[in-house]
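Student: Fold the stuff below for me.
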Amino acid sequence: MKIALVGAELEENLGLRYIAASLEQKDHHVKLIPFNTRHDIPEAVRQATAYDPQVTGFSMVFTGRGREFCQLAKALRERGYQGHLIAGGHFACLNCERLLHDFTAFNSVALGEGEDIMCNLVENLDDLSRVPGLCYRRPDGSISVNPSTGNPEDLDALPFPKRTTFQNYFGKSIANVLSSRGCYRDCAFCSINAWYKQGGGKKFRLRSIENLVAEMKGLYFRHGIRIFNFHDDNFFHPDPKTAVQRFDQLRSALRREGVEGIAFAVKARPDSITPEAISILDDLGLFRVFLGVENASVRGLRHLNRKCAVDRILNALKVLNDFDTHVAYNLLMFEPDTLLDDILINLRFMERHMDNPFNFCRAEVYSGTGLEEKLRAENRLLVDYFGFDYRIRDPQSEAFHQIATMPSLTAISMTWDFITSICRSIFYSRC
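Tutor: A predicted model of the protein is given here:
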């Protein structure tokens, strides 16, 4: 069977590439179609209709792009596409029934990780009731939801993602990799956590070191990859001692296989960072950590349900800076109940850590999250599921937010520091 998978390809879309590999393992034919902006609609429609797949899957992860994908679905139908159109990803999953009700171009929505769902779908197009984890429209127009059997626990059983092209930094190829899936926390603003709850099953899962190294070894020797960008929601194990043991095993296994002279980037919570763990990762080639600080105010951390103490944030920045690691962080400085005192605390935090590039913004509201539940109960949600809005309860804090979030130079600062860090890693030490 022919399947088209459509999604953003600003960098490797691992979600679609894992699904593609799973389908191809079962002898199906898969075409990946890039869709990066609304301006790509005509070309995406052209490619999809020329390929004429029986099933087309949309990677609808981000709320901000939800309407663009709906426009693409409508354009495909207007061009005469008759195949099954399924949406997946965080935004589609968490708004599945509303999406199918409002946009008849879609036939179904996947409720979790897509490998098993897509493989089951293509084998049961004649009877969608047999596909676990599927929200779909019946012939009579009603919408049904099949219970999910849960996201797969054994990540080692998945085929490595389909690889076609790679990005380059200064002549060095970079590959995106996942060493785990899910997150073990329950932050109020996070759609990732809400999505894993919807999909069911174990939320946080790890690949074995042997399986991870086998993929990295193949990328290293067959494709010349020297930079690895880990897309894990949190690269660290929740137990610090286990994290150190895991990283030590990774270092030993990579060296045993001859994978040396590499650089890599990860994402982490501040309470994951320890000198012992960073020492091993630094020895392996760690050059960048995106640190989820989110808020420097105790009140703000509590409102966001971060479960991370301020002293752990300060310790994480100190450890990473001591190892001369490029560390960038984000502050959700504004949340529904922010006060001016909280803003002042965050401003002082930024002032004391000006050596590290950062960004600041408001905690946005996504379907299925704790923030949505809170604001809906308080009747404070504005607009609709394509982009919920709200006003900060304190008028002075809301006014400050409107002024402070005008276009700024923070993104430029972060980009420049990232470039200088990777240059140093590639040309002077690691590669």
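Student: Would you enumerate the residues in contact with R269?
Tutor: Taking CB atoms under 8 Å, 6 or more residues apart in numbering, we find R269 in contact with 185, 234, 236, 291-292, 308. All C-beta spots, glycine's among them, are computed from the backbone N, C-alpha and C.
Student: Can you find the helix or strand of the chain with the lowest average pLDDT?
Tutor: helix 410-424 (a mean of 50; mean pLDDT, DSSP states H and E).
Student: domain ranges for this structure?
Tutor: 2-145, 166-429 (automatic domain parsing).
Student: buried ones in stretch 29-40?
Tutor: Neighbour-count burial for stretch 29-40, counted by 16 or more other CB atoms under 10 Å, picks out 30-33, 35, 40.
Student: mind listing what's buried in the helix or strand hosting S252?
Tutor: S252 is part of helix 240-256, with elements assigned from DSSP states H and E. For helix 240-256, a neighbour-count test (16+ other CB under 10 Å) marks 243-244, 246-251, 253-254 as buried.
Student: go on, stretch 112-124?
Tutor: Buried residues in stretch 112-124, counted by 16+ other CB under 10 Å: 112-122.
Student: now, which of the residues you listed lie within helices?
Tutor: 114-122 (DSSP state H).
Student: and those residues as CSV, adding pLDDT and distance to I192?
Tutor: CSV is the format used below for these (pLDDT from 0 to 100; distance: CB to CB, whole Å):
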residue, pLDDT, distance to I192
G114, 95, 15
E115, 96, 18
D116, 96, 19
I117, 97, 18
M118, 98, 20
C119, 97, 23
N120, 97, 23
L121, 98, 23
V122, 97, 27
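Student: for the buried residues of stretch 112-124, which one is nearest R391?
Tutor: Set against R391, the nearest of the buried residues of stretch 112-124 by CB to CB is G112 (33.4 Å).
Student: tell me the contacts of the closest residue to the closest one other than its chain neighbours?
Tutor: Counting by CB to CB, 6 or more residues apart in numbering, G199 is the residue found nearest to G112 once chain neighbours are left out, at 2.4 Å. Each residue near G199 by CB under 8 Å, 6+ apart is listed here: 93, 111-113, 133, 148, 150-151.
Student: Does the residue nearest to Y51 when sequence neighbours are not counted lie in a helix or a strand, and which?
Tutor: Spatial nearest neighbour of Y51, chain neighbours left out: K31 (5.1 Å); criterion: CB to CB, 6+ apart. Here K31, judged by DSSP H and E, is contained in strand 29-34.
Student: CA atoms only for whatever helix or strand comes next after that strand - export them in CSV, please.
Tutor: Counting by DSSP H and E, the next helix or strand C-terminal to strand 29-34 is helix 41-51. These are the backbone C-alpha positions of helix 41-51, laid out as CSV (Å, rounded to 0.1, in the frame of the first residue of the first chain):
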residue,chain,number,x,y,z
ILE,A,41,0.2,24.0,0.5
PRO,A,42,0.2,24.0,-3.4
GLU,A,43,3.4,22.0,-3.5
ALA,A,44,2.3,19.6,-0.8
VAL,A,45,-1.0,19.1,-2.6
ARG,A,46,0.8,18.5,-5.9
GLN,A,47,3.2,15.9,-4.4
ALA,A,48,0.4,14.1,-2.6
THR,A,49,-2.0,13.9,-5.6
ALA,A,50,0.8,12.8,-7.9
TYR,A,51,1.7,10.0,-5.5
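Student: Need the residues that contact helix 41-51.
Tutor: Against helix 41-51 from outside (CB under 8 Å, 6+ apart): 2, 4, 6, 31, 33-35, 56, 68, 71-72, 75-76, 79-81.
Student: buried subset of these?
Tutor: Judged by 16+ other CB under 10 Å, buried ones among the contacts of helix 41-51: 4, 6, 31, 33, 35, 56, 68, 72, 75-76, 81.
Student: Ramachandran coordinates for H84?
Tutor: Backbone torsions for H84, taken as degrees, to the nearest 10, come to phi -80, psi 130.
Student: my guess is it contacts Q54, does it?
Tutor: Yes: using CB atoms under 8 Å, H84 is in contact with Q54, at 6.7 Å.
Student: Quick check: neighbours shared by these two?
Tutor: L125.
Student: So the two - more neighbours on which side?
Tutor: H84 (19 against 14; other CB atoms under 10 Å).
Student: Tell me what the more buried one is bridged to.
Tutor: Assessed by DSSP bridges, H84 has beta-bridge partners V55.
Student: related to what we said a few turns ago, greatest separation within the buried ones among the contacts of helix 41-51: which pair is it?
Tutor: Farthest pair in the buried ones among the contacts of helix 41-51, by CB to CB: K31 and E68, 19.8 Å.
Student: Identify the residue nearest V109 in space, chain neighbours excluded?
Tutor: Using CB to CB, 6+ apart, the nearest residue to V109 is C96, at 3.9 Å.
Student: What number of residues are in the vicinity of the one you found?
Tutor: With other CB under 10 Å as criterion, C96 counts 24.
Student: cool, F290 as well?
Tutor: F290: 17 neighbours (other CB under 10 Å).
Student: Wait, a strand at E215?
Tutor: No: read with DSSP: H, G, I helix; E, B strand; the rest coil, E215 is helix and lies in no strand.
Student: residue ranges for the helices of the stretch 151-300 of the chain, please.
Tutor: Counting by DSSP state H, counting those that start in this stretch, the stretch 151-300 of the chain has helices at residues 191-199, 209-223, 240-256, 275-284, 298-303.
Student: which outside residues touch the third one?
Tutor: The one in question is helix 240-256. With contacts defined as CB under 8 Å, 6+ apart, helix 240-256 is touched by 206, 209-210, 212-213, 216-217, 236-237, 260, 262, 272, 274, 276-277, 280-281, 283-284.
Student: If I take that helix and helix 275-284, what angle do their directions form?
Tutor: Compare the direction of helix 240-256 with that of helix 275-284 by axes from the mean of the first three to the mean of the last three CA atoms, to 10 degrees and you get 20 degrees.
Student: Noted, bye for now.
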